[in-house]
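Trainee: With the input below, show me the fold.
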Amino acid sequence: MRYLALLLLCGTLSAAEIFVAPSGNDTTGTGAIGAPYATLSRAHQAAGSGDTITFRAGTYTGGLYITKSNLTFQGYTGETAVISLPNNVNGQDVAFYLGTAGNCTVRRLTLQGGYYYAIKIDTGPCLVEDCRIHGSGRDCVKIPGADNITIRRCEIYDSGLRDPSNAEGIDNVNGDYMLVQDCYIHDIATNGVYPKGGSIGSIIERCLIRSCGQKGISMAQSSGLQFYDTTQNPEYYSCRDCIARNNIIEDCVGSGIDLESALRARVYNNTMVNVAQSQQGGIRIASADKGGTVGIVQCRDCEIRNNIIVLPGAGTRPAVFMGNNSHAGTLTMSNNRYYKTGGSAVFWWEPTSYSLTLAAWKTTSGTDTNSTEGDPQLAASWHLNTGSPCIDAGMTLSGFSDDYDGNARSGTWDIGADETGGTALPTPPAAGTVGTGGGQPGAGTPAAPTGLAYTGTVDLTWQDNSSNETGFRIERMPSGGVFTTLATVAADVTSHSDTTATSGTWIYRVIAYNAAGDSSPSNQVSVTVGGGSGDKKKGSSGGGGCNVKPAKGLPFALLAAAAAALWMKRRTSVA
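Mentor: Numbering: from 1, shown residues only. Coordinates of the predicted model:
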């Protein structure tokens, strides 16, 4: 009886699936699959922590400010559900708005329109996967200060249909530990992906980014001083310890990758083609004048290795643009491949020279050893042709071991996003593919866990979405480090306490596994151990666990009866 009572309180109370369909009825519907509701707002009203709201095929009016945490919003498998607002009606600002709702998952939905944003995420952690996000008035995805946001296997396109002057694919202002993976981002009015405002530890990897009116990846332009976290980032760096790796970036008016006031940015194994058509450079390194008492903030200690930069023949911009007074500390560059179609690349070192050769660039900068110039010999898919001089010409790096396609790198690494020898993904993706087509677990592997949440100093809980896992692997990394295995737990276990974390910021994720292989990782959460009361990184909000401590002397029979009554009330409200 004691076990039953705790089970009812911790599990069954938050396990309902609520259905929404165009044929549903908000008055007479119950939320069951045979009697669905008609609107997102009615389903949100009925939902409780841990519930899943499933949309059948059709188009639904968006704009709801979502306040309930620990929910999953998903399209019915094999059907297309669209949540939409017009992008030209002032006051209908966000098609899908995760307001005070933390620890939510959004999957298999099309999010469309919004006067400003197709999706806005105010509270983390949050996982957005397998979604189409497009047609926004300005940015497709807006993240104003929310931490631990994972966006994977999504197609993000057609930003700025109302106002193309400030319209990113993903605009992240001071959101830490954002992870963008295996996304196809294209036809963006300004920048493809944009971690700025002091974003810490954000990673953009294995993405295809095409047709941007400004930069492919910007790490990052300046933001107003009010957006910076002066406890974590007292120097006002635009981003800290952010990484761009294994991305293919093509057809950008501005830089393929842009660094501005970035601390320890890492730019590894990216392939950039037809970039810097008329603005900036293939890679740009710049300072920013933050104004006020802050003044100019330079980049510091950045590292740029194993990248391919191809400039258009008609362009006049440089392969590398080093802005005036733009970098302090140690700039480390090596094993990059530069090429200007039909001519020789130039390198800029403001304000002294705008016509450096690669050899003169190396002398002036004191870096970029083992980098070369010439045709990288790319196929139409931006993968390396057999015989490419970029094969086995890279540097082996730590922190990752895959390529754009998800294939393993081995031996002496290749330069660029592609490691030859594995199965290549089609680029652009085949019709009907959401995202790049990569990042998918193999056949027979368990479903990825979701809803990873911090519930104590280093206590973690997650949602088990599979029935065939052998167990779960909990992985941990220090800020700016590499994931390593912390522990493994048995099948059906959904919590773990880390008793070994020392002072500092730690990032966690969970992976289900069985004999067929690993699932995709869960969302990530960060926890700061030993931080002060002013430290905003004390851990992710949103709960997700259940710590039931009955009062001393309370009869367990009474607890069980109360739990059963609550369970019956919840079930009759949604089914």
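Trainee: pLDDT-wise, which helix or strand of the chain ranks last?
Mentor: Every helix and strand of the chain was ranked by mean pLDDT, DSSP states H and E. The lowest is helix 2-10, at a mean of 35.
Trainee: how about the helix or strand following it: buried residues?
Mentor: In the C-terminal direction, the helix or strand that comes right after helix 2-10 (DSSP states H and E) is strand 17-20. By 16 or more other C-beta atoms under 10 Å, the buried positions in strand 17-20 come out as 18-20. All C-beta atoms are positioned from the backbone trio N, CA, C, and that covers glycine.
Trainee: helices or strands next to strand 17-20 in the packing?
Mentor: The elements that strand 17-20 packs onto, with contact taken as 3 or more C-beta pairs under 8 Å, 6 or more residues apart in numbering; DSSP states H and E, are helix 40-46, strand 52-55.
Trainee: okay, the last one in CSV with CA atoms only?
Mentor: To tie it back to what came earlier, the one meant is strand 52-55. Listed next in CSV are the C-alpha coordinates belonging to strand 52-55 (Å, rounded to 0.1, in the frame of the first residue of the first chain):
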residue,chain,number,x,y,z
THR,A,52,1.2,15.3,-23.4
ILE,A,53,-1.0,17.4,-25.7
THR,A,54,-1.2,15.7,-29.1
PHE,A,55,-2.5,17.5,-32.2
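Trainee: And the next helix or strand past that strand?
Mentor: Secondary structure here is assigned by DSSP H and E; on that basis, the next helix or strand after strand 52-55 toward the C-terminus is strand 58-61.
Trainee: Grab the CA positions of that next one and hand them over as CSV.
Mentor: Below are the C-alpha coordinates for strand 58-61, written out as CSV (Å, rounded to 0.1, in the frame of the first residue of the first chain):
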residue,chain,number,x,y,z
GLY,A,58,-5.1,20.4,-39.2
THR,A,59,-4.3,24.1,-38.6
TYR,A,60,-4.8,25.6,-35.1
THR,A,61,-4.8,29.2,-34.0
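Trainee: how deep is the closest residue to residue 25 other than its chain neighbours tucked in, by neighbour count?
Mentor: In space, and not counting its chain neighbours, residue 25 is closest to residue 38: 5.8 Å by C-beta to C-beta, 6 or more residues apart in numbering. By the measure other C-beta atoms under 10 Å, the count of residues near residue 38 is 18.
Trainee: Likewise for residue 188?
Mentor: Neighbour count for residue 188, taken as other C-beta under 10 Å: 30.
Trainee: quick one: residue 188 from residue 158, how far?
Mentor: Residue 188 is 8 Å from residue 158, where distance means C-beta to C-beta, to the nearest Å.
Trainee: Tell me the residues that contact both of the two, please.
Mentor: Common neighbours of residue 188 and residue 158, counting by C-beta atoms under 8 Å, 6 or more residues apart in numbering, are residue 140.
Trainee: For this protein, just list every one of the helices.
Mentor: Counting by DSSP state H, one finds helices in the chain at the ranges 2-10, 40-46, 358-365, 556-574.
Trainee: could I get the helices and strands packed on strand 17-20 as TSV with distance to residue 434, mean neighbour count and mean pLDDT?
Mentor: Listed next are those as TSV, based on distance: least, C-beta to C-beta, whole Å; neighbours: other C-beta atoms under 10 Å; pLDDT from 0 to 100:
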stretch	distance to residue 434	mean neighbour count	mean pLDDT
helix 40-46	21	20	98
strand 52-55	16	23	97
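Trainee: for the residue nearest to residue 25, what are its contacts?
Mentor: Contacts for residue 38 were tallied using C-beta under 8 Å, 6+ apart; they are 20-26, 29.
Trainee: Nearest to residue 516, out of these: which one, please.
Mentor: The shortest separation between residue 516 and any of those is 33.3 Å, and it belongs to residue 20 (by C-beta to C-beta).
Trainee: thought that closest one was touching residue 37?
Mentor: Yes - if you go by C-beta atoms under 8 Å, residue 20 and residue 37 touch, sitting 5.1 Å apart.
Trainee: any residues in contact with both of these two?
Mentor: Listed contacts common to residue 20 and residue 37 are residue 43; contacts here mean C-beta under 8 Å, 6+ apart.
Trainee: Please indicate which of the contacts of residue 38 are buried?
Mentor: Applying 16+ other C-beta under 10 Å to these, the neighbour count classes 20-21, 24, 26, 29 as buried.
Trainee: wait, which of those is closest to residue 43?
Mentor: Where the buried ones among the contacts of residue 38 are concerned, and distances follow C-beta to C-beta, residue 43 has its nearest neighbour in residue 20, at 5.0 Å.
Trainee: Residue 229 contacts residue 174, correct?
Mentor: Yes - in this structure residue 229 lies within contact range of residue 174 using C-beta under 8 Å: 6.1 Å.
Trainee: Now the common contact residues for those two.
Mentor: residue 198.
Trainee: The two: which is more packed in?
Mentor: Set side by side, residue 229 and residue 174 give different neighbour counts by other C-beta under 10 Å, the larger being at residue 174 (25 against 19).
Trainee: about what we covered before: distance to residue 119 and pLDDT added to the buried ones among the contacts of residue 38, as TSV?
Mentor: What follows is the buried ones among the contacts of residue 38, written out as TSV (distance: C-beta to C-beta, whole Å; pLDDT from 0 to 100):
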residue	distance to residue 119	pLDDT
20	18	98
21	22	98
24	23	98
26	23	98
29	26	98
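Trainee: Relative to residue 449, which of those is nearest.
Mentor: Proximity of those to residue 449, judged by C-beta to C-beta, is greatest for residue 20, which lies at 24.6 Å.
Trainee: if I look at residue 341, how far off is residue 111?
Mentor: If you go by C-beta to C-beta, the gap between residue 341 and residue 111 works out to 37 Å.
Trainee: neighbour-wise, which of those two wins?
Mentor: Neighbours of residue 341 and residue 111, each counted by other C-beta under 10 Å, are more numerous for residue 111; the result is 30 against 14.
Trainee: For that one, list the residues it contacts.
Mentor: Under the contact definition (C-beta under 8 Å, 6+ apart), the residues listed for residue 111 are 62, 82-84, 95-96, 118-119, 131-134.
Trainee: Out of these, list just those in strands.
Mentor: Applying DSSP state E to these, the entries found in strands are 82-84, 95-96, 118-119, 132-134.
Trainee: so where's the stretch 451-575 of the chain uncertain?
Mentor: 531-575 (pLDDT under 70).
Trainee: Strands along that one, start to end?
Mentor: Counting by DSSP state E, counting those that start in this stretch, residue ranges of the strands within the stretch 451-575 of the chain are 459-463, 471-478, 484-490, 495-497, 504-514, 517-518, 525-529.
Trainee: Okay then, goodbye and thanks.
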